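need a 3D model of the following:
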Amino acid sequence: MISNWENFAAQLRSTCKLTGASWAIWLTREGDQWNFYPPESLSKARTTALRNLIAESPTSNWLAGALSSGRVRYRTTGEYSQSIGSQQIFIFPNPKAKAMILVGADHLEKSFRDFFQVLAMTCPLEFFPLDVRLEEDILTLRQLTLLNQLALEAAGGLDIDEVARRVVTRLRRTFSTEQVVVLLLSQDGKTLLEYGDGVEGAPPMVIPVELSLAGYVIEQMKPVRYGDIREAPRFYPEMPDVHSALIVPLMYRNEIIGTICLQSNLGNVFSDRDERLLVVIASHLAGLFENVRLNQETRERAMKLSLIHQVAQRVVGLVDEAEIAKDTAELMAEYFSYELALVLLTDATGNYLTVAGVGGSMAHLITGDFQLPTSAGIIGLVYRQAKGGYFNDASLVDEYYPLPGWKAGSELCVPLLDGARAIGVIDVERADKNTFTWTDLLVLESLAGILSSVILAARRYQELQERIEAQRETEIRLKQLFAELQLSMESLEKSQKALLQAEKMAAAGRLTASIAHEINNPLQSLSNCLHLAGRNELPPEVREKYRQIAENELDRLMVTVQRMLDLYRPGARERQWTNLEGIFERVLTLLDSQLRKNHIQVHTRFVEDMPNVLVVSSQIQQVILNLLLNSIEAMPDGGEVFIDVGHSKEGVEIVLVDTGGGVLDGERERIFEPFVSTKDDGTGLGLSVSYGIVQAHGGTIELLPDRDKGASFRIVLPTGENP
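Below you'll find the predicted structure:
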């Protein structure tokens, strides 16, 4: 009875599930009898149908021929397809064990057949004849002994290359071959690094995955064995001495991490047993290599990050961009032994990268303000893509742009980023090829992140300093402008006062000319009466009458003069709460004789509960006087003036309308400008001064659209909070 059937049954079920096969069984032959294992793996109906198919002479002979030849075969099931559940059957023989795996499937991909072929090689030991079992036991002991020796020798290794050398030495003796190579996959999966067969201390050789036979093994995820290497899908004419090759993948946690390669100068050297043994060895060494590599990378990364930390400490806190770039480049070249280390920053146009810092033994090649177009070289490529990379044979890169007098073997370049935008690059180069690894890229990207922050902070500091200096200059200029403004305001205030006084005098002249007869008539009457009152021949009562008339005329003359004095007296400059009706009463009383003389009637309307306004009374009187004088002059043949004082949303509204000739359309827009007058002898200051007075009180004055005829002015004065 075969032991541990559960494991074999589980292997068959898992492989069927993976490949899409309907079923699979082990098939052995004892005499003329074919036996199924595991016996219970198929249903009774399917087992009966399969036995009937195999019992037929053509099928039985076909099976026997496949077993003796050791070749994979398949055929259709014909009329049995429905009863056995497949349209085809496939045979995967193990001639030494005189057993095979029989698989039922409608279709089985060629790549999937390899799984069953490998599984057939792990046939249960009980299938083998006794002599074969002893041979297998010896092989197993050899494997265990070899694995133990490999584990002991490799355990003392401190780095991946030392461990690989010890493994390679042992495998050479075990397989009696000239060349053994351990190839480990790079972090980016594009190259294989060779360990254990090169010069000790030298960087590992780098082999592209897509061009190598080892890469083919990684892509196919299965071992290959060639007695004549020229039959391989990827053959290197550069290796004329190699004839045989056996390559198996290193698998760790279902991931391929590399390969073990056996090579010989003789043909057909490696056997099926060698392949099986190397597969077992590779399965045990994969974990060892991966752990050693991870530990080594961790140590290297920690060491390099420590150096990066030292570089960062030297530049953090600097505020000069050029000094930061220079120190960084020199420190990188010193700490990491780069022949050339560059820090390049983009110019204002974004079209060129300028060398801001340079270090290394080749630094003397960079002279002056060296610039590189952002469209050229590996440096430009990294800048445009904002993504770093390393190139272990720079000459193979299409974008490679050699500097005059220098040809890099390896180049590592990373961008300096401000968010997603590149502001420059760090570029380091060595003369030798194959010197950079994934770890070097990660470490330099860490430095680039720190350097970007330091450069951006320095730029912000410089911008802040410039802003502070500009603000200081602005403050000085503002103080100068404020002083100039104060002088201008004082001058303007003096000019306004002089202008206002000039307009008052002009208005006084206009008013004096119009009321001269009011003063002249009383004076003449006063003179006559005083003359008659002084004549003694007249009776006393007559002289008294003339004296009384003279006294009345004198009183009337004094009232007229007093009114003019009241109007043009400078008065208080402070605003006071004032009743507008009183202002109009004083102005209209003063102009009463002129209005009557010119046959002008004035109609006023004041709403009840009219609020007081906070104004300089004399200035508002000036505004009202200017408007009424304009109306008088505009109606030489008589007319009417309508004054309406009432409420509005903004305060107190004054509307003054006359029936004169109005304002021409071409003059309406400029009516409030200084020195604009509709009269030949006008000063052009009256309305301009009135406009300034009203604006100074926070109010508005405007010329309303013409009605039927005449001019219409609207004044609004704010009321504020009347106490």
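
quick one: Ser14 from Val248, how far?
From Ser14 across to Val248, the span is 21 Å (CB to CB, to the nearest Å). In short, each C-beta sits where N, CA and C put it, glycine included.

show me which of the two is the more surrounded one.
Taking other CB atoms under 10 Å, Ser14 and Val248 do not tie; Val248 has more neighbours (24 against 12).

phi, psi of the closest residue in space to the more buried one that isn't next to it in sequence?
Closest residue in space to Val248, ignoring its immediate chain neighbours: Pro223 at 4.2 Å, by CB to CB, 6 or more residues apart in numbering. Pro223 adopts backbone torsions of phi -70, psi 160, taken as degrees, to the nearest 10.

tally of neighbours for Pro223?
19.

got the contact list for it?
Neighbouring residues of Pro223 by CB atoms under 8 Å, 6 or more residues apart in numbering: 217, 246-249, 275, 278-279.

just the ones of these in helices?
Under the assignment DSSP state H, those contribute 217, 275, 278-279 to helices.

now the residues you listed as a markdown table including neighbour count and distance to Ile426?
Below are these laid out as a markdown table (neighbours: other CB atoms under 10 Å; distance: CB to CB, whole Å):
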| residue | neighbour count | distance to Ile426 |
| --- | --- | --- |
| Val217 | 25 | 36 |
| Glu275 | 18 | 47 |
| Leu278 | 24 | 43 |
| Val279 | 18 | 44 |
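
could you pull up the residues touching Glu653?
Contacts for Glu653 (CB under 8 Å, 6+ apart) come out as 644-647, 714-716.

my guess is Arg384 contacts Thr374, does it?
Yes. Counting by CB atoms under 8 Å, Thr374 is a contact partner of Arg384 at 6.4 Å.

and these two? which has more neighbours close in?
Thr374 (21 against 13).

which residue is the nearest non-sequential neighbour of that one?
Gly380 (4.9 Å).

I'd like to know how many residues surround that neighbour.
For Gly380, using other CB under 10 Å, the count is 20.

what does the one 10 residues further on give?
Counted by other CB under 10 Å, the residues lying close to Tyr390 total 21.

just Lys190 next, same as before
Here the number of neighbours of Lys190 (other CB under 10 Å) works out to 12.

contact partners for it?
208-210.

quick one: Asp347 and Lys326, what's the gap?
In this view, Asp347 and Lys326 are 17 Å apart by CB to CB.

correction: Gly317
Taken as CB to CB, the span from Gly317 to Lys326 is 15 Å.

neighbour count winner among the two?
Under the neighbour definition other CB under 10 Å, Gly317 and Lys326 were set side by side, and Lys326 has more, 19 against 10.

surely the more buried one and Gly357 touch.
Yes. Under the criterion of CB under 8 Å, Lys326 makes contact with Gly357 at 4.2 Å.

who touches both of the two?
Shared contacts of Lys326 and Gly357, counting by CB under 8 Å, 6+ apart, come down to Val343.

surely Thr659 touches Gly638?
No. Counting by CB under 8 Å, Thr659 sits too far from Gly638 to count as a contact (9.0 Å).

which one's more surrounded, the two?
With neighbours defined as other CB under 10 Å, Thr659 and Gly638 compare such that Thr659 has more, 20 against 12.

what's the weakest-modelled helix or strand in this protein?
Between all helices and strands in the chain, the lowest mean by mean pLDDT, DSSP states H and E belongs to helix 130-155, at a mean of 54.
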